[in-house]
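Trainee: What shape does this take:
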Amino acid sequence: MTVFFSFHDEDLLEAPFDHIRLFESQLFPVCASDEHGEALFNLAQPHFPLLNYSRNSYMGRLINRTLTRHSELSFSTFFVSSMSELLKQVALDGCGIAWLPEYAIQQEIRSGQLVVLNRDELVIPIQAYAYRMNTRMNPVAERFWRELRELEIVLS
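Mentor: Presented below is the predicted three-dimensional model:
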């Protein structure tokens with residue numbers, strides 16, 4: 001079976017591949033809060049500590065593109081990882097600002113541990129897909145793909 005799951009990839013959205021959108025989410029700029037629930041950092045401060053994804057990762061490319069478009073932001077990269085959960089933990093430790101996926105921070109936002117730094121133009125949409133070659137697969141794989149396709153319709 002040659003079905004794989006990944007974030008958005010322009011090259012895989014065209015022939016000879018087929019794809020199913022699994023979900024959409026957003027990356028929000030967040031940081032830890034102080035004892036009063038206020039953000040420890042803000043995007044307007046000079047040289048804010050940036051907790052970023054690895055440069056070659058999907059989310060790293062999206063964030064770096066956003067930072068390039070918003071040259072008014074002044075940051076110093078403090079920590080780099082390819083893992084959202086690790087970046088979240090470093091943000092929770094009060095070490096800087098990270099762009100984290102909504103699905104990974106809902107509980108921390110509700111509890112006030114993390115604060116969303118509200119700048120709508122800095123919220124980054126993300127999508128995840130299932131991909132496959134658009135050739136015939138074995139019957140089990142084809143059934144799996146059909147069920148994924150039906151799930152996509154239900155989720156839409």
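Trainee: can you give me the helices for this protein?
Mentor: 58-69, 84-92, 102-111, 139-155 (DSSP state H).
Trainee: of these, which approaches residue 125 most closely?
Mentor: helix 58-69 (8.7 Å; Cβ to Cβ). Bear in mind the C-beta positions are built from the backbone N, C-alpha and C, glycine included.
Trainee: Identify each buried residue in the closest one, please.
Mentor: 58, 59, 60, 62, 63, 66, 67 (16 or more other Cβ atoms under 10 Å).
Trainee: which one of those residues is nearest residue 30?
Mentor: Residue 30 lies nearest to residue 63 out of the buried residues of helix 58-69, by Cβ to Cβ, at 12.4 Å.
Trainee: bridging residues for the most centrally placed residue in the chain?
Mentor: For the chain, residue 101 is the residue whose C-alpha lies nearest the centre (Cα atoms, centre = their mean; 4.3 Å). Taking DSSP bridges as the rule, residue 101 bridges to residue 27.
Trainee: That one contacts residue 25, doesn't it?
Mentor: Yes - counting by Cβ atoms under 8 Å, residue 101 touches residue 25, with 5.1 Å between them.
Trainee: residues shared between the contacts of those two?
Mentor: Each of residue 126 lies in contact with both residue 101 and residue 25 under the rule Cβ atoms under 8 Å, 6 or more residues apart in numbering.
Trainee: residues contacting residue 92?
Mentor: 32, 108, 113, 114.
Trainee: right, and the third one touches residue 34 too?
Mentor: Put plainly, it is residue 113. No - applying Cβ under 8 Å, one finds residue 113 not in contact with residue 34, separated by 11.0 Å.
Trainee: More neighbours: which of these two?
Mentor: residue 113 (16 against 11; other Cβ atoms under 10 Å).
Trainee: ok, now how distant is the more buried one from residue 23?
Mentor: 24 Å (Cβ to Cβ, to the nearest Å).
Trainee: and if you look at residue 8?
Mentor: Taken as Cβ to Cβ, the span from residue 8 to residue 23 is 11 Å.
Trainee: residues bridging contact with the two, i.e. touching both?
Mentor: With Cβ under 8 Å, 6+ apart as the test, residue 8 and residue 23 both reach 127, 128.
Trainee: Looking at the two, which is more packed in?
Mentor: residue 8 (16 against 11).
Trainee: Can you get me a residue count around residue 147?
Mentor: Neighbour tally, residue 147, other Cβ under 10 Å: 10.
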